[in-house]
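**Q** Need the 3D shape of this:
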Amino acid sequence: MADPKLKVGVYRYEHTEPLFDGRVTMDGVDATLETSPLISDIFRRMAQGGLDVAEFGLTYFLRMFDPADPPFLALPIFPNRNFRHSALFVNADSGIERPEDLAGRTVGEFALYGHDPGVWMKGVLADEYGVTPDQMEWVIGGTDHPVPPFDWIPQPVPDGVRVRHLDDAQTLSALLETGEIDALLSVDVPQSLIDGSTKKIRRLFVDYEAVERDYYRRTGIFPMMHLVAIRRELAGVPGLAESVYRAFSQAKELVQEHYRAIAAKQHMAVITPWFSRLFAENRALLGEDWWPYGVDANRKAVDTFLRYHYEQGLSKPLLTSEDIFVPSLLGTP
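**A** Numbering: from 1, shown residues only. The predicted structure is shown next:
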């Protein structure tokens with residue numbers, strides 16, 4: 001019998017590159033790997049039926065997840081993750097010095113109400129600082145460039161939260177620069193902050209690395225932004241989900257082992273100065289598998305995001321890892 005054909009969409013990260021260049025294959029699967037310069041295009045294609053297995057933002061996955069009849073199930077593969085205290089920016093003249101100062105302010109958010117970094121940081125603000133989304137007014141748009149509405153996924157807004165969208169000619173970074181909004185929560189860093197051309201925009205957490213490292217030490221959570229989704233009818237094909245999971249895991253492990261192996265030569269192949277010191281610090285804090293896949297290693301982080309999504313009115317039921325992952329992969333370490 002011929003191997004099942006799969007269209008697999010994923011961004012071309014260094015830890016997925018072995019899938020594209022053929023160093024890692026999916027046993028028993030005739031897989032066609034596809035990517036896009038805009039990761040949201042991969043999400044859209046999956047949502048509209050153009051892919052069988054795909055990288056999917058957590059909130060995009062959950063907005064389409066119906067516990068009674070889900071179109072997709074999740075694989076415990078997390079190709080994109082990042083600490084997100086660094087995603088909060090403020091106008092330097094706004095008087096916002098602490099997270100608590102965000103209450104009563106107008107905050108921009110990238111692309112949609114509740115993008116993945118937004119869900120994480122709204123949850124952190126509520127849990128750790130007592131600031132909840134209903135205490136702010138939200139303005140949705142593009143950071144440095146206008147973005148079209150993501151009208152291919154549901155966009156719920158809970159009662160009691162004020163949300164408006166920018167028009168086609170406006171950007172959030174411009175409004176932050178002029179003080180028309182007080183803060184910005186965005187996966188994209190304003191370009192003017194990157195190139196040093198502004199004195200009006202700064203991060204809320206100035207020493208964000210120290211804050212994020214402390215957050216990990218206290219919680220053990222390394223926030224994931226994306227997972228890999230599979231169509232529900234394919235999730236029941238014997239061995240298929242396991243093959244996809246093994247391939248992604250092997251690709252990621254190849255990259256991790258490369259960094260471990262070249263540590264003895266002070267990472268001569270890496271273009272970033274002082275990378276070896278950063279690598280050693282991260283390895284000491286995050287462990288030998290600093291980018292873990294599998295349910296058990298990620299259960300606390302996943303369940304925390306699921307709780308945040310529910311508390312922020314973006315999911316109707318409160319879900320857990322057992323609800324969303326392919327059952328045969330629930331025992332993965």
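
**Q** Relative to the whole chain's centre, how far out is the longest helix along the chain?
**A** Looking across the chain with DSSP state H, the single longest helix is helix 240-261. Between the centre of helix 240-261 and the centre of its chain there are 19 Å (CA atoms, centre = their mean, to the nearest Å).

**Q** Then stretch 109-119?
**A** 10 Å.

**Q** Which residues does the nearest residue to Y113 once chain neighbours are set aside form beta bridges with?
**A** Once flanking residues are discounted, Y113 sits nearest to V163: 4.9 Å by CB to CB, 6 or more residues apart in numbering. (Each C-beta comes from the backbone N, C-alpha and C, glycine too.) Applying DSSP bridges to V163 yields these beta-bridge partners: W138.

**Q** Can you tell me how far V163 is from F43?
**A** Look at V163 and F43: by CB to CB, to the nearest Å, they are 21 Å apart.

**Q** Same question for G220.
**A** 28 Å.

**Q** Comparing those two, which shows the higher neighbour count?
**A** When G220 and F43 are compared for neighbours, F43 comes out ahead with 25 against 11, by other CB atoms under 10 Å.

**Q** In the stretch 201-333 of the chain, what residue spans correspond to helices?
**A** Along the stretch 201-333 of the chain, the segments classed as helices by DSSP state H, counting those that start in this stretch run 208-219, 232-235, 240-261, 275-286, 295-311, 321-324.

**Q** can I see the domain layout of the chain?
**A** Following automatic domain parsing, the chain resolves into domains at 5-81+224-329, 85-219.

**Q** Rebuild the ones you listed as TSV, extending it with mean pLDDT.
**A** Converted to TSV, these look like this (pLDDT from 0 to 100):
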stretch	mean pLDDT
domain 5-81+224-329	97
domain 85-219	96
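
**Q** returning to that earlier point: helix 275-286 and the longest helix of the chain, what's the angle between them?
**A** Put simply, helix 240-261 runs at 130 degrees to helix 275-286, going by axes from the mean of the first three to the mean of the last three CA atoms, to 10 degrees.

**Q** Please list the residues outside helix 240-261 that contact it.
**A** Helix 240-261 is contacted by residues 4, 6, 8, 14-19, 23-29, 53, 73, 75-77, 79, 228, 230, 234-235, 267, 279, 288-291, 293-294, 326, 328-329, 332 when judged by CB atoms under 8 Å, 6 or more residues apart in numbering.
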